[in-house]
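>>> Sequence and predicted structure below; questions after.
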Amino acid sequence: MRVGRATVMELGTERGRKVMIRRREEIAKMRKAGLVVAEMLERICAKAKPGVTTAKLDRIARDVIEQRGAVSNFLGYRGYPAVICASPNDVIVHGIPGRTMLEEGDILSIDCGAIVEGYHGDAARTVAVGSVSKDAQRLMDTTRQALDAGIARMLAGVNLYEVGRAVQKVAEKAGFSVVREYVGHAIGTEMHEDPQVPNYWPGRPGPKLAPGMAFAIEPMVNAGGAETELLDDGWTVVTADGSLSAHFEDTVVVTEGAPEILTRVA
């Protein structure tokens, strides 16, 4: 991993977009933020049971943020009113927690993040609420496998958009669709940095990965078609055909060797 001042790499195919190469001490701060996010997700998923409201899950996340001395990077972001996104069943992303009560057989995607010492972590998980159908479980399993396949391609010298190619291959082989309107992103001192990371092959290779680059990789996979709709609240995104959707995400750093996942507890 490169030591010294954070540097900027020009993306020749991306018309001026830039990706930061983080210093070792910057990655250490992101690692701290990632551990807070991992704890948030672990505690929330453990409480995602029938009869629990999504507002209660948001309170759990707020407690973790306060206990760890971190800051939420979701709360107030472009006016977003909560610490987590809670997206059940056909909600793909950005579901606002509230009075919605979880029911047996639901699946629930939780997306959350944290800032520690000015550096961001961001991750998502989809969890089963009680017993779910075999089809729902297969969707969740496939989406997690797609994330892992994408992360496995995050090697120095590999083109960035090979990540999306790997995600797409896993999802579509299983008969599912990859959402295209919402994508992953670089991350560091901002939650969303350039370049974006599509979860599909966009027809060009993108920049070459280098040690010190950090990205949030986040496949969103639908059981039906890939089309999406935005609800009237301006946040909640659902599948256009009402099919189930799953979402998994991790913050990952490119190293000299295997990629380092910052938002999982070893």
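That came in fine, so what should we check first?
>>> Can you name the next helix or strand after the longest helix along the chain?
In the chain, ranked by residue count with DSSP state H as the criterion, the top helix is helix 24-47. Per DSSP states H and E, the first helix or strand lying C-terminal to helix 24-47 is helix 54-67.
>>> what's the neighbour count on residue 24?
Using other Cβ atoms under 10 Å, residue 24 has 11 neighbouring residues. In short, each C-beta sits where N, CA and C put it, glycine included.
>>> so what's residue 122 closest to, chain neighbours aside?
residue 113 (4.1 Å; Cβ to Cβ, 6 or more residues apart in numbering).
>>> Then residue 145?
residue 170 is the one closest to residue 145 (Cβ to Cβ, 6+ apart), at 5.3 Å.
>>> need the next SSE after the helix or strand harbouring the residue nearest to residue 122, C-terminal direction.
Assigned by DSSP H and E, residue 113 falls within strand 107-116. Per DSSP H and E, the first helix or strand lying C-terminal to strand 107-116 is strand 119-128.
>>> hey, C-alpha coordinates of that next one in PDB?
These are the backbone C-alpha positions of strand 119-128, laid out as PDB (Å, rounded to 0.1, in the frame of the first residue of the first chain):
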ATOM      1  CA  TYR A 119     -13.300   8.900   6.900                       C
ATOM      2  CA  HIS A 120     -16.300   6.800   5.700                       C
ATOM      3  CA  GLY A 121     -17.400   3.200   5.800                       C
ATOM      4  CA  ASP A 122     -20.500   2.000   4.000                       C
ATOM      5  CA  ALA A 123     -22.100  -1.500   3.800                       C
ATOM      6  CA  ALA A 124     -25.400  -3.300   3.400                       C
ATOM      7  CA  ARG A 125     -26.900  -6.700   4.200                       C
ATOM      8  CA  THR A 126     -30.100  -8.500   3.300                       C
ATOM      9  CA  VAL A 127     -31.600 -10.600   6.100                       C
ATOM     10  CA  ALA A 128     -34.400 -13.100   6.300                       C
END
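>>> If you compare the directions of the helix or strand just after that strand and strand 107-116, what angle comes out?
As assigned by DSSP H and E, the chain's next helix or strand after strand 119-128 is helix 134-152. On the basis of axes from the mean of the first three to the mean of the last three Cα atoms, to 10 degrees, helix 134-152 is oriented at 30 degrees to strand 107-116.
>>> and helix 134-152, what does it pack onto?
strand 107-116, strand 119-128, helix 162-173, strand 214-217, strand 220-222, strand 245-247, strand 250-253 (3 or more Cβ pairs under 8 Å, 6 or more residues apart in numbering; DSSP states H and E).
>>> please redo it, this time with the cut-off set to 10 Å
Helices and strands touching helix 134-152, by 3 or more Cβ pairs under 10 Å, 6 or more residues apart in numbering; DSSP states H and E, are strand 107-116, strand 119-128, helix 162-173, strand 214-217, strand 220-222, strand 245-247, strand 250-253, strand 260-261.
>>> Could you pull up phi and psi at residue 81?
With angles defined as degrees, to the nearest 10, residue 81 sits at phi -90, psi 10.
>>> Offset the numbering so it begins at 358, please.
In the new numbering, first residue 358, that becomes residue 438.
>>> for the nearest residue to it once chain neighbours are set aside, what are its contacts?
Once flanking residues are discounted, residue 438 sits nearest to residue 453: 6.4 Å by Cβ to Cβ, 6+ apart. Applying Cβ atoms under 10 Å, 6 or more residues apart in numbering to residue 453 gives the contacts 411-412, 415, 437-439, 441-444, 588, 590-593.
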